[in-house]
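1. what follows is a predicted protein model with its sequence.
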Amino acid sequence: MQEPEIKVLERVVRALPEHPTICEIGLARGETAAGIHELLGGRCTYYGIDKLLLDDARANMPWAARLWELDSILAHPEVPELDLLIIDGCHCESHVLLDFLHYGPKLRRGGYVFFHDLQREPQSQGMVGCPLAMDDQVGVYQALGKLQLLDGGLRGWRLLELMFDGLGAAVLQRLVT
């Protein structure tokens with residue numbers, strides 16, 4: 001994650017209720033989780049999901065409530081109600097759609113979803129392990145468009161932030177449960 005997205009995510013984390021429940025899809029090396037944990041003084045319950053869970057992520061997250069090394073689509077029944085959902089796993093349109101559709105309903109009223117890595121134009125070629133991700137960041141943007149999250153068309157959600165600096169990010173808040 002680059003500085004522009006970090007600043008946005010920090011603002012969201014600071015707005016969370018006391019001792020929030022967080023789920024991050026796509027952990028990489030666990031640096032985002034470690035930063036959030038530190039920012040909250042360890043007062044959070046954290047769930048992490050990654051199809052290719054790296055040893056670095058395990059090392060950076062010994063305090064995590066639960067880590068799943070599997071496709072996010074398979075873990076969703078086990079995840080409880082959330083205050084923050086971070087979608088940063090496979091960036092193909094299909095996976096982003098499924099992640100939001102499976103995990104979005106788990107957000108409490110007032111909860112946030114943070115989408116990472118979105119651009120309107122192609123930036124890179126493919127995501128390891130997903131043949132559908134011909135361009136990862138464009139897939140995230142396309143999924144948000146299909147879900148009508150960019151134009152306020154999906155009832156019950158408010159777009160709070162849409163940025164294309166750095167690797168790009170979007171933040172939405174759940175208005176109803």
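-> Cool, got the structure.
2. who are the packing partners of the strand with the most length in the chain?
-> The longest strand of the chain (DSSP state E) is strand 107-116. Applying 3 or more Cβ pairs under 8 Å, 6 or more residues apart in numbering; DSSP states H and E, one finds that strand 107-116 contacts helix 3-14, strand 82-87, helix 93-103, helix 136-146, strand 169-174. In short, each C-beta sits where N, CA and C put it, glycine included.
3. where does Leu118 fall, secondary structure wise?
-> Here Leu118, judged by DSSP states H and E, is contained in no helix and no strand.
4. dihedrals phi and psi, it?
-> When quoted as degrees, to the nearest 10, the phi and psi of Leu118 stand at phi -130, psi 140.
5. so it makes contact with Asp165?
-> No. Leu118 lies out of contact with Asp165 (Cβ atoms under 8 Å); the separation is 11.2 Å.
6. more crowded one of these two?
-> Leu118 (27 against 12; other Cβ atoms under 10 Å).
7. contacts only, for the more buried one.
-> Listed by Cβ atoms under 8 Å, 6 or more residues apart in numbering, the contact set of Leu118 reads Gln137, Val138, Val140, Tyr141, Leu144, Phe164, Leu167, Gly168, Ala169, Ala170.
8. now, which of those residues sits nearest Ile36?
-> The closest of the contacts of Leu118 to Ile36 turns out to be Ala169 (Cβ to Cβ; 14.3 Å).
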